[in-house]
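**Student:** what follows is a predicted protein model with its sequence.
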Amino acid sequence: GQPQGERLQLLLRRSREAKNCAYCPYSRFPVGAALLTASGEIFSGCNVENACYSLGVCAERTAIQKAISEGHTSFRAMAIASDMGDHFIVPCGACRQVMREFGTDWDVYLTKADGTYIVKRLEELLPLSFGPEDLKK
């Protein structure tokens, strides 16, 4: 289920902390993400840009790749943070598809700079999606 209380606050805080590590000299758009695994561990990530723009990677994918590299493939929630002011940060299409690789039944906490958030299920962010099970049809 959804993280509650202190666990949720930790997830949100870790996404804000990760944002502070972002390497974004070109866009000047720092993003942080924190991913909660099914076993309760949290992996954070930030966006990392490159002078060859297409080689940059988003915060959400960084967090997922860190978790995968440590043996985790089942996720419960992700929080995403940015400095967008009055708007909630949302994952890009590529990140939504990478997230989808690991199921649709998990929560994504979309935050504003002031710390407020809304929660969306991944299936809401990427409806009618294509996933690993579709390759078996």
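**Tutor:** In hand now; what should we look at?
**Student:** rest of the way, CA atoms for contacts and neighbours
**Tutor:** Fine.
**Student:** neighbours around T37, how many?
**Tutor:** Counted with other CA atoms under 10 Å, residues neighbouring T37 total 18.
**Student:** do the same with E6
**Tutor:** Neighbours around E6, by other CA under 10 Å: 9.
**Student:** just checking, it is part of a strand?
**Tutor:** No. Under DSSP: H, G, I helix; E, B strand; the rest coil, E6 falls outside any strand and is assigned helix.
**Student:** chain neighbours aside, what residue packs nearest to T111?
**Tutor:** Spatially, and ignoring its direct neighbours in sequence, T111 is nearest to Y117 (4.2 Å; CA to CA, 6 or more residues apart in numbering).
**Student:** er, I64 actually
**Tutor:** Distances taken as CA to CA, 6+ apart put L35 closest to I64, at 7.0 Å, once the chain neighbours are dropped.
**Student:** please, which helix or strand holds that neighbour?
**Tutor:** strand 31-37 (DSSP states H and E).
**Student:** for whatever helix or strand comes next after that strand, name the packing helices and strands.
**Tutor:** Under the assignment DSSP H and E, the closest C-terminal helix or strand after strand 31-37 is strand 42-46. Secondary-structure packing of strand 42-46 (3 or more CA pairs under 8 Å, 6 or more residues apart in numbering; DSSP states H and E): helix 5-19, strand 31-37, helix 59-69.
**Student:** could you export the ones you listed as TSV, including distance to M99 and mean pLDDT?
**Tutor:** Shown next, in TSV, are the helices and strands packed on strand 42-46 (distance: least, CA to CA, whole Å; pLDDT from 0 to 100):
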stretch	distance to M99	mean pLDDT
helix 5-19	16	97
strand 31-37	10	98
helix 59-69	8	98
